[in-house]
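Visitor: no sequence on this one, just coordinates:
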DNA sequence: CAAGTAGTTCAAAAAAACTTGAACAAACTC
DNA sequence: GAGTTTGTTCAAGTTTTTTTGAACTACTTG
């Protein structure tokens, strides 16, 4: 009744070769973004699935633990990269991928980039205060100059994000 | 003759509090970019130094190993984020930071982003070939649609990079 | 050219990040 | 309402990444 038992040492044995290739593609993709491998696996499989998948589907097909799947799905939901599929007469939850680049980029910016930009701005303020205590006028001018530069970097970063989202979104 | 000996368990003890704060700022910064902590430490210290620093300066002030400093400097050079300072009558090499945002972003794109985009495009081609073997016409149409979407994402990515660089550069 | 200095390399150690799985809570079913 | 099923949590285990440091190369200098 069961499918052929998995070859030991090999994960994602239940996948077709297309699925495996797409999963790999996204595993690489999320790695660039500094996100864990499992996110790429989950998103990738959803992306190339013709129907929504449940947590158990992911556990079985990807050969990952329930814990990984659960946490991965949560992160992907937070990022707006997956959503629950509607209307399948079933108790369990099925997921489908968000495939709108603008939305994906937006979620990434909101969750991963903005928080760092914001904390950077806070840090910069206290750096500025520390620098203001400098007594040597030559040093002080140099520090002020560098700090202004950092402030301009942060400002540009903030300006670029909405642009990025606009450019990438359709 | 020596400075007060370092407090055990604490690194970067040789730094002023301004230096420490700036180093922290960059440590956070490089982490977002998925680069190792030591790169942030090294770049941060160079950034807030009034004069170029040698490898030994970095080892002493940051409390990192010679190996880390050497490898970190190499990566930073590759990224175009530091360069050798000219004209100090001395055998050893002194480094100063590149402080032009355009150049920094350009180096990051060239070294860290482009290679992944390129390998992604290659992968996508072979995915496309695999999908073309699909017999079921409904599946085939779905796969084709998804792959086209990926292709459009990659294309947009490629288009955005130069724009980004332009927008951020001055 | 011997002794010293600057810097690199890379195997092994340490640290950080990710995944697992067992215990748990919540919701459903009969 | 006892027993399933679905999904979450988190401490412990595993894997991956980063750092260290000792051995080495290549200069330099007296």
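Guide: Sure thing, it's come through. Computed from a predicted model, the values in this text were never measured in an experiment. Numbering: from 1, shown residues only, chains lettered A, B, ... in the order given.
Visitor: now the helix or strand hosting residue A:76: buried residues?
Guide: Using DSSP states H and E, residue A:76 sits in helix A:66-78. Neighbour-count burial for helix A:66-78, counted by 16 or more other C-beta atoms under 10 Å in any protein chain shown, picks out A:68-69, A:72-73, A:75-76. In this view, the C-beta of every residue, glycine as well, is placed from N, C-alpha and C.
Visitor: closest to DNA strand C among the residues you listed?
Guide: Closest approach between these and DNA strand C, by C-beta to the nearest atom of the strand: residue A:68, at 3.4 Å.
Visitor: confidence score at residue A:65?
Guide: Residue A:65 carries a pLDDT value of 97.
Visitor: apart from its neighbours in sequence, what residue is nearest it?
Guide: Among residues not flanking residue A:65 along the chain, residue A:59 sits closest, at 7.0 Å (C-beta to C-beta, 6 or more residues apart in numbering or on different chains).
Visitor: measure that neighbour to chain B for me?
Guide: Distance, residue A:59 to chain B, using C-beta to the nearest C-beta, to the nearest Å: 23 Å.
Visitor: is the helix or strand containing that residue anywhere near DNA strand C?
Guide: Following DSSP H and E, one finds residue A:59 within helix A:55-62. No - using C-beta under 7 Å from any atom of the strand, we find that helix A:55-62 stays clear of DNA strand C, coming within 8.3 Å at best.
Visitor: so which residues make contact with that helix?
Guide: Here helix A:55-62 makes contact (C-beta atoms under 8 Å, 6 or more residues apart in numbering or on different chains) with A:11-12, A:14-15, A:19, A:23, A:38, A:41-42, A:45, A:53, A:64-66, A:69-70, A:72-73, A:92-93, A:95.
Visitor: now that helix: how far from the chain's centre is it?
Guide: Centroid displacement of helix A:55-62 relative to its chain, using C-alpha atoms, centre = their mean, to the nearest Å, is 20 Å.
Visitor: list the buried residues for it?
Guide: Buried residues in helix A:55-62, counted by 16+ other C-beta under 10 Å: A:55, A:57-59, A:61-62.
Visitor: neighbours of residue A:88, how many?
Guide: By other C-beta atoms under 10 Å in any protein chain shown, 13 other residues sit near residue A:88.
Visitor: related to what we said a few turns ago, the contacts of helix A:55-62 in helices, which ones?
Guide: A:19, A:23, A:38, A:41-42, A:45, A:66, A:69-70, A:72-73 (DSSP state H).
Visitor: distance to DNA strand C for those - can I get that in CSV?
Guide: Below are the ones in helices among the contacts of helix A:55-62 laid out as CSV (distance: C-beta to the nearest atom of the strand, whole Å):
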residue, distance to DNA strand C
A:19, 17
A:23, 12
A:38, 3
A:41, 7
A:42, 9
A:45, 13
A:66, 5
A:69, 7
A:70, 7
A:72, 7
A:73, 12
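Visitor: which ones are touching residue A:126?
Guide: Contact analysis of residue A:126 by C-beta under 8 Å, 6+ apart lists residue B:21.
Visitor: then the one 5 residues further on?
Guide: The neighbours of residue A:131, taking C-beta under 8 Å, 6+ apart as the test, are A:140, A:143-144, A:147, B:18.
Visitor: tell me the pLDDT of it.
Guide: 98.
Visitor: find the helix or strand that it is a member of.
Guide: When elements are assigned from DSSP H and E, residue A:131 belongs to helix A:114-132.
Visitor: cool, residue A:89 as well?
Guide: Assigned by DSSP H and E, residue A:89 belongs to no helix or strand.
Visitor: and it, how many neighbours?
Guide: Count around residue A:89 with other C-beta under 10 Å applied: 4.
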